[in-house]
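S.K.: Next comes the sequence, and after it the predicted model I'd like to discuss.
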Amino acid sequence: MTDNLMDKVISLCKRRGFIFQSSEIYGGLSSTWDYGPYGVELKNNIKAAWWRSCVQERDDIFGVDTAILMHPKVWEASGHIQNFFDLKRDCSSCKQWFKEADLGGDKNKCPECGAKLTEGKPFNLMFKTHQGPVEESANIVYLRPETAQGMFVNFLNILDSRHPKLPFGLAQIGKAFRNEITPGNFTFRTREFEQMEIEYFTYPQGSDEMYEKWVEERFNWYLNLGINPQNLRKRQHQKDELAHYALACTDIEYQFPFGFSELEGIANRTDFDLKQHEKFSGKEMTYFDDTKKEKIYPHIIEPSGGVDRATLAFLMDAYSEEKVKEETRVLLKLHKNLAPVKAAVLPLLKNRPQIVEIAKKISWDLKKSFAAVYDDTASIGKLYRRQDEAGTPFCVTVDVQSLEDLQVTVRERDTMEQVRVEIDNLKRYLLEKLTN
RNA sequence: GCGAGCGUAGUUCAAUGGUAGAACAAUAGCCUUCCAAGCUAUAUAUGUGGGUUCGAUUCCCAUCGCUCGCUCCA
């Protein structure tokens, strides 16, 4: 179950309404995906779990939601203009290609095989568009290639409006865009993607410890939401693979069918960003330490995760197959906090109006407290299997006996075990199970 | 962007220079006292454009798209 696990998950995602190919009726568009009814619930639950853990359950991190379009100077200060633009030259002989800036003395000669290279073609990893309806070069703006800069440029606003004491952080969930050279592996690498990032400002002294603390904190977040520890690892970057701004970086990697790949990077960005923005904006990007009566440039620890990558990892990790008699039962063992639907209410017999009525009534009551659905479009066995594939942790079944004893059957997803619960106690029973 | 491969129902597969089939999935109904049961009915496909031809899903060309590989890193 490794080679075709990806295919099985992609197939389930389409069949059950988690993820669809974007623009599919037109043949699809490379590297773009749409989240369907269950997918958006799963993704929202992941973002909510992150927000709760990183913002709401802390008193030192503030949430923000900054604009995708930013002043072009931002990308000069960040280094993206230098690093994301180049000329690309192809070798027609050995089929490799090169950035012109990386080539040595002779820009026309392939460093691998010595053959002649093609003319340089403009090569740009940032999406470009125009602000305003008139397309003039003066109006060019970029879609942000990372959400981080939106937080750096608001550093002074946060100091002025919230007066936080170091260490403190900003958190943001939002879309970013990169013209990736090699998109692929389903939703793993796409050109439009969603990030969940923290910029944590801390004292320069002890920033190493703070960085280590965040690596642990973020690693445990995935484990607490049910990721199999064997599929998760940390990988510290070697000095030569560090980005230009980073002093240290650790990736949290998940074991996908295509290998261990990055879900989140935790970087120590030092004071690089604040100093860059000070240089380009002319504004002093410092924090005033009241006890020492001095201005300092805080260092920044950046835990930066991919929402779509996390969603894919949780899906892959939850996918299970079990033999039941001669059949294969497919289920998503999603953590209860992430499951798109918490409980499905099902009538055992849909041609008995009283049973249907009670089931619908129960579902309406449960909906007030958590995501619940009613379904009667198939036999009970098939309904259970559909909910298994959606990752629904509990099914509630109303049968003939319910009319007499006012009890229903609660069936648990992973064990398929069933218990009788009084209708009056049902919500309390499920809430207990869902929140413990 | 470059190279290779591939385009037939939702999915997996057939077939044919002359009305495009099946299985599973889906929908509706009947039936059914708990794990993809049964019966009946229904809907759904040759990516797009052009050429050859009396006739093209099939042959040819182009295009669009997908998959895989390549330096990216959420």
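M.R.: All right, it came through fine. Residues are numbered from 1 along each chain as shown, chains lettered A, B, ... in the order given.

S.K.: Run a quick neighbour tally on the residue in the stretch 1-150 of chain A that RNA strand B sits nearest to.
M.R.: Across the stretch 1-150 of chain A, the shortest distance to RNA strand B (CB to the nearest atom of the strand) belongs to A:Ser30, at 2.9 Å. To be clear about C-beta, it is placed using only N, CA and C from the backbone, and glycine gets the same treatment. Counted with other CB atoms under 10 Å, residues neighbouring A:Ser30 total 11.

S.K.: State the phi and psi torsions of it.
M.R.: Reported as degrees, to the nearest 10, the phi and psi values for A:Ser30 are phi -50, psi 130.

S.K.: And A:Phe370, by the same measure?
M.R.: Backbone torsions for A:Phe370, taken as degrees, to the nearest 10, come to phi -160, psi 180.

S.K.: helices and strands of chain A: which one has the lowest mean pLDDT?
M.R.: strand A:121-124 (a mean of 70; mean pLDDT, DSSP states H and E).

S.K.: Report how many residues lie close to A:Ser23.
M.R.: 12.

S.K.: For it, give me its contacts.
M.R.: Applying CB atoms under 8 Å, 6 or more residues apart in numbering to A:Ser23 gives the contacts A:Leu29, A:Thr32.

S.K.: Just the pLDDT at the residue nearest the centre of chain A, thanks.
M.R.: In chain A, the C-alpha nearest the mean C-alpha coordinate belongs to A:Val307, at 0.8 Å (CA atoms, centre = their mean). Looking at A:Val307, its pLDDT is 95.

S.K.: Okay, now the unreliable bits of chain A?
M.R.: Residue ranges of chain A with pLDDT under 70: A:1-3, A:92-93, A:95, A:104-105, A:122-123.

S.K.: Stretch A:145-152 and RNA strand B, any residue contact?
M.R.: Yes. Interface with RNA strand B: stretch A:145-152 contributes A:Glu146 (CB under 7 Å from any atom of the strand).

S.K.: contacts for that stretch?
M.R.: Applying CB under 8 Å, 6+ apart, the contact partners of stretch A:145-152 are A:64, A:66-67, A:70, A:74-75, A:78, A:80, A:84, A:125-127, A:144, A:170, A:172-178, A:195, A:197, A:199, A:273-274, A:277, A:300, A:302, A:304.

S.K.: what does stretch A:47-55 give?
M.R.: Contact with stretch A:47-55 is made by A:61-63, A:171, A:173, A:196, A:198, A:221, A:225, A:305, A:307, A:337-338, as judged by CB under 8 Å, 6+ apart.

S.K.: Save these as CSV, and put in distance to RNA strand B and secondary structure too.
M.R.: Shown next, in CSV, are those (distance: CB to the nearest atom of the strand, whole Å; DSSP: H, G, I helix; E, B strand; the rest coil):
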residue, distance to RNA strand B, secondary structure
A:Ile61, 18, strand
A:Phe62, 20, strand
A:Gly63, 18, strand
A:Ala171, 14, strand
A:Ile173, 12, strand
A:Met196, 8, strand
A:Ile198, 12, strand
A:Trp221, 13, helix
A:Leu225, 16, coil
A:Gly305, 5, strand
A:Val307, 8, helix
A:Asn337, 20, coil
A:Leu338, 17, coil
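
S.K.: Which of those residues are buried, as a PyMOL select command?
M.R.: Only the buried entries of the contacts of stretch A:47-55 go into this PyMOL selection, using 16 or more other CB atoms under 10 Å:
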select buried, chain A and resi 61+62+171+173+196+198+221+225+305+307+337+338
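
S.K.: List just the nearest of the contacts of stretch A:47-55 to A:Val330.
M.R.: Checking the contacts of stretch A:47-55 against A:Val330 with CB to CB, the nearest one is A:Leu338 at 17.5 Å.

S.K.: quick one: that closest one and A:Asp34, what's the gap?
M.R.: Distance of A:Leu338 to A:Asp34, given as CB to CB, to the nearest Å: 19 Å.

S.K.: Ok, A:Val408 next?
M.R.: 36 Å.

S.K.: Helix or strand for the residue nearest to A:Ser304 when sequence neighbours are not counted, just tell me which one.
M.R.: Sequence neighbours aside, A:Glu197 is the residue nearest to A:Ser304 in space, at 4.5 Å (criterion: CB to CB, 6 or more residues apart in numbering). Using DSSP states H and E, A:Glu197 falls within strand A:192-202.

S.K.: gap between that strand and the chain center?
M.R.: Computed by CA atoms, centre = their mean, to the nearest Å, the chain-centroid distance of strand A:192-202 equals 11 Å.

S.K.: Same check on stretch A:280-290?
M.R.: Averaging C-alpha positions (CA atoms, centre = their mean) puts stretch A:280-290 32 Å from its chain's average.

S.K.: Span of that stretch from start to end?
M.R.: Using CA to CA, to the nearest Å, the end-to-end distance of stretch A:280-290 comes out at 27 Å.

S.K.: who in the stretch 301-436 of chain A is up against RNA strand B?
M.R.: Residues of the stretch 301-436 of chain A lying near RNA strand B (CB under 7 Å from any atom of the strand): A:304-306, A:308-309, A:324-325, A:327-330, A:348-351, A:377-382, A:384-386, A:389, A:397, A:399-401, A:408-409, A:411, A:416-418.

S.K.: Looking at those residues, which are in helices?
M.R.: Among these, the residues falling in helices (DSSP state H) are A:Asp308, A:Arg309, A:Ile380, A:Gly381, A:Lys382, A:Tyr384, A:Arg385, A:Arg386, A:Glu389, A:Val400, A:Gln401.

S.K.: Give me the buried entries from those residues.
M.R.: With burial judged by 16+ other CB under 10 Å, the buried subset of those is A:Asp308, A:Arg309, A:Ile380, A:Tyr384, A:Arg385, A:Arg386, A:Glu389.
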